[in-house]
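**Q** model this:
(one chain, ligands or ions: 1)
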Amino acid sequence: MAFAANFIWGAATSAYQIEGAAAEDGKGLNLWDVYTREPGRILDGHTGETACGHYRRFREDVRLMKEIGLQAYRFSLSWARLLPDGVGKVNEAGVRFYDALIDALLENGIEPYITLYHWDMPYELYKRGGWLNPGSPEWLGGLARLAAERFSDRVSHFFTLNEPQCFIGLGHLTGIHAPGLQCPLRDTFEMAHNALKAHGRAVQMLRQYGKQPLEIGYAPTCSAAYPETETPADIEAARQAMFALPEDDRNWTWNVSWWSDPVLLGHYPEEGLSRFEPYLPRFADADFKLISEPIDVYAQNLYNGRCLRMGKAGKPEIVHRYPGFPKTANGWPITPEALYWGPKFLSERYRKPLYITENGMSCHDRKTPDGKVHDPNRIDFLTQYLRQLRRAAAEADLRGYFHWSLMDNFEWEKGYSERFGMIYVDYPTQERTIKDSARWYREVIRTNGENLISNTREPS
Ligand code: FCB
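**A** Numbering: from 1, shown residues only. Prediction:
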């Protein structure tokens, strides 16, 4: 089993998590600028005001990408840097920043992949109701048009939304992300529907104003279901669980089918239409045409999964994790199988070429007296996960893999306490140090994933 010869190896970031320069050069406020200033919202009161200082240091960061041998870089646009009020007047300094970043990437042979929306809605739009405003699809459409007009002469890969499950669920249901709301369920379904329409509108605008044929995708997240044994019954249990809806309605956003069936199949899942009926707004038929505007690739963020078996009653049942189950520093389970079964099930159902647009782990990395950052856990994690992904290459049309993240950064409500990067960032000095995993990844890229050898000794 091997990755396709043209498989793309990259790393990902998002604007709020790395750029800093929150109030520089005409940038407008966004949800996260406002939310992080509230006491008690973010661990230790951290904010993204400075973050990794990438806005000023991007050339150094591109040099490091080159050193790691990255073929591609996925980053998001800060909407309020480009359009301080979300719509209307363009901030030319913001355009210049992304122009310079794109040019630097291309000069170094690194392919830019742009995410339009990675959670940082301009505050002015939030004041107008945010995703509850029926005009919100048009707002994102405006950003997409601007991105196409200004950047698509050089950039041909675009993703619309990053993880709508999170910006609706964590932002508007549990309230642990900006804007920090706990809305009625009814509102969240309406917001979700508007976000899906916004995705469709963005696709239309990118196509209409794109200066070359564009490859357009959508980047939701999921927890992949994988079978306890590879028997047909357990595999079927995992397949069903992969697309099922959560039992608790207040957790409704954690699923695949409500977010991806409309985009790829043109309708919401039947199970959801009856289960969520009390909370659903009336949907216009035309909406589904917009939401299912054809896209080219499916982009999946995928960190972990759940194990399933077929229960006696012919119903999937969860196999509980044993005490002391492997986990990352932020407590996420380590389940490499997710990168085989996830892509396999997603390809079966949606029949689209697939990118893994995020995958990685948080580690308690630190610089040791030898001046290096040794992160054997990350190397081992990636070895196991990428082997599973390579297995999936025989069954799914896999186009690329983006490690989350290029560098340590502002990890939302956890502030700077979680390190996901392949580049270590010393925040007080902003000094960057390439971690061992980045050197290891360079080899993975060079050999196109043929040589996935962990630093841990394995039985011969
Ligand atoms: C994903 C987000 C990304 C980052 C990783 C760890 O849910 O898209 O911004 O926080 O998790």
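**Q** Sort out which residues of the helix or strand containing Ala80 are buried, please.
**A** Taking DSSP states H and E as the definition, one finds Ala80 inside helix 79-82. Neighbour counts over helix 79-82 (16 or more other C-beta atoms under 10 Å) mark 79-82 as buried. For glycine as for every other residue, the C-beta is placed from the backbone atoms N, C-alpha and C.
**Q** Return the member of these nearest to the ligand.
**A** Here the nearest of the buried residues of helix 79-82 to the ligand, counting by C-beta to the nearest ligand atom, is Trp79; it sits at 15.1 Å.
**Q** Tell me which residues touch that closest one, please.
**A** Contacts for Trp79 (C-beta atoms under 8 Å, 6 or more residues apart in numbering) come out as 30, 86, 116-117, 120-122, 143.
**Q** switch the cut-off to 6 Å
**A** The contact partners of Trp79, taken as C-beta atoms under 6 Å, 6 or more residues apart in numbering, are 122, 143.
**Q** Just the pLDDT for the one residue in the stretch 151-300 of the chain that gets nearest to the ligand.
**A** Using C-beta to the nearest ligand atom, Glu163 is the residue of the stretch 151-300 of the chain that sits closest to the ligand, at 4.8 Å. pLDDT for Glu163: 98.
**Q** Pull the contacting residues for it.
**A** With contacts defined as C-beta under 6 Å, 6+ apart, the neighbours of Glu163 are 221, 301.
**Q** Please enumerate the strands of this protein.
**A** Along the chain, the stretches classed as strands by DSSP state E are 8-12, 72-76, 111-117, 157-162, 215-219, 221-227, 297-310, 316-318, 354-358, 398-404, 423-426, 431-434.
**Q** With respect to Lys327, which of the ones you listed lies nearest?
**A** Shortest distance between Lys327 and these, using C-beta to C-beta, is found for strand 297-310: 9.2 Å.
**Q** related to what we said a few turns ago, just put the strands of the chain in CSV and tack on mean neighbour count.
**A** Shown next, in CSV, are the strands of the chain (neighbours: other C-beta atoms under 10 Å):
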stretch, mean neighbour count
strand 8-12, 25
strand 72-76, 25
strand 111-117, 24
strand 157-162, 26
strand 215-219, 24
strand 221-227, 24
strand 297-310, 23
strand 316-318, 16
strand 354-358, 26
strand 398-404, 25
strand 423-426, 20
strand 431-434, 16
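**Q** Tell me, how many residues neighbour Lys327?
**A** The local packing of Lys327 (other C-beta atoms under 10 Å) involves 15 other residues.
**Q** before we move on, the earlier item: ok, so what distance separates the residue of the stretch 151-300 of the chain closest to the ligand from Ile110?
**A** Applying C-beta to C-beta, to the nearest Å, the value for Glu163 to Ile110 is 24 Å.
**Q** can you check Glu431 too?
**A** Taking C-beta to C-beta as the measure, Glu431 falls 22 Å from Ile110.
**Q** Now do the contacts for the residue of the stretch 1-150 of the chain found nearest the ligand.
**A** Relative to the ligand, the nearest point of the stretch 1-150 of the chain is Ser14 (5.0 Å; C-beta to the nearest ligand atom). If you count contacts by C-beta under 6 Å, 6+ apart, Ser14 has them with 76, 118.
**Q** Contact residues of the stretch 1-150 of the chain facing the ligand?
**A** For the stretch 1-150 of the chain, the residues in contact with the ligand (C-beta under 6 Å from any ligand atom) are 14, 17.
**Q** So which bits of the stretch 151-300 of the chain are right by the ligand?
**A** Looking at the ligand, the residues of the stretch 151-300 of the chain close enough under C-beta under 6 Å from any ligand atom are 162-163, 166, 221.
**Q** Make CSV out of the residues you listed and add distance to Ser417.
**A** Supplementary listing: those in CSV, determined by distance: C-beta to C-beta, whole Å:
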residue, distance to Ser417
Asn162, 21
Glu163, 20
Cys166, 18
Thr221, 21
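**Q** out of those residues, who's nearest Asp249?
**A** Closest approach between those and Asp249, by C-beta to C-beta: Cys166, at 17.8 Å.
**Q** for this protein, which helix is longest?
**A** The longest helix of the chain (DSSP state H) is helix 185-209.
**Q** which helices and strands does that one pack with?
**A** Contacting helix 185-209 under the criterion 3 or more C-beta pairs under 6 Å, 6 or more residues apart in numbering; DSSP states H and E are the following elements: helix 136-151, strand 157-162, helix 164-172, strand 215-219, helix 285-291.
**Q** 10 Å - rerun?
**A** Taking 3 or more C-beta pairs under 10 Å, 6 or more residues apart in numbering; DSSP states H and E as the contact definition, the neighbouring helices and strands of helix 185-209 are strand 111-117, helix 136-151, strand 157-162, helix 164-172, strand 215-219, helix 257-265, helix 285-291.
**Q** could you give the angle of it to helix 164-172?
**A** For helix 185-209 against helix 164-172, the angle by axes from the mean of the first three to the mean of the last three C-alpha atoms, to 10 degrees is 130 degrees.
**Q** can you give me how far helix 185-209 is from the chain middle?
**A** 17 Å (C-alpha atoms, centre = their mean, to the nearest Å).
**Q** average pLDDT for it?
**A** Per-residue scores along helix 185-209 average to 99.
**Q** Next, the buried residues of it.
**A** Of the residues in helix 185-209, those buried under the neighbour-count criterion (16+ other C-beta under 10 Å) are 187-207, 209.
**Q** Just want the angle from it to strand 215-219.
**A** With the same axes, to 10 degrees applied, the angle from helix 185-209 to strand 215-219 works out at 170 degrees.
**Q** Helix 185-209 to helix 136-151, inter-axis angle?
**A** Orientation check (the same axes, to 10 degrees): helix 185-209 against helix 136-151 gives 30 degrees.
**Q** List the contacts of Phe410.
**A** With C-beta atoms under 10 Å, 6 or more residues apart in numbering as the criterion, the residues that contact Phe410 are 14, 16-20, 32, 36, 42, 46-52, 416, 418, 427.
**Q** Among those residues, which lie within helices?
**A** When those are checked against helices (DSSP H), the matches are 16-18, 32.
**Q** okay, now Pro278: neighbour count?
**A** 9.
**Q** distance of it from Gln182?
**A** The gap separating Pro278 from Gln182 is 18 Å, by C-beta to C-beta.
**Q** for Pro326, same thing?
**A** With the distance defined as C-beta to C-beta, Pro326 ends up 33 Å from Gln182.
**Q** Settle it for me: which of these two has more neighbours?
**A** More neighbours sit around Pro326 than around the other of Pro326 and Gln182, counting by other C-beta under 10 Å; the figures are 14 against 11.
**Q** Which residues are in contact with that one?
**A** 332-336, 377, 380-381, 384.
**Q** how about CSV for the residues you listed, with pLDDT added?
**A** Formatted as CSV, the entries for the contacts of Pro326 read as follows, by pLDDT from 0 to 100:
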residue, pLDDT
Trp332, 98
Pro333, 98
Ile334, 98
Thr335, 98
Pro336, 98
Asn377, 97
Asp380, 97
Phe381, 98
Gln384, 97
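**Q** between these, which has the most around it?
**A** Comparing the contacts of Pro326 on neighbour count, Thr335 comes out first with 24 neighbours (neighbours: other C-beta under 10 Å).
**Q** surely that one meets Val319?
**A** No: using C-beta atoms under 10 Å, Thr335 is not in contact with Val319; the gap is 11.2 Å.
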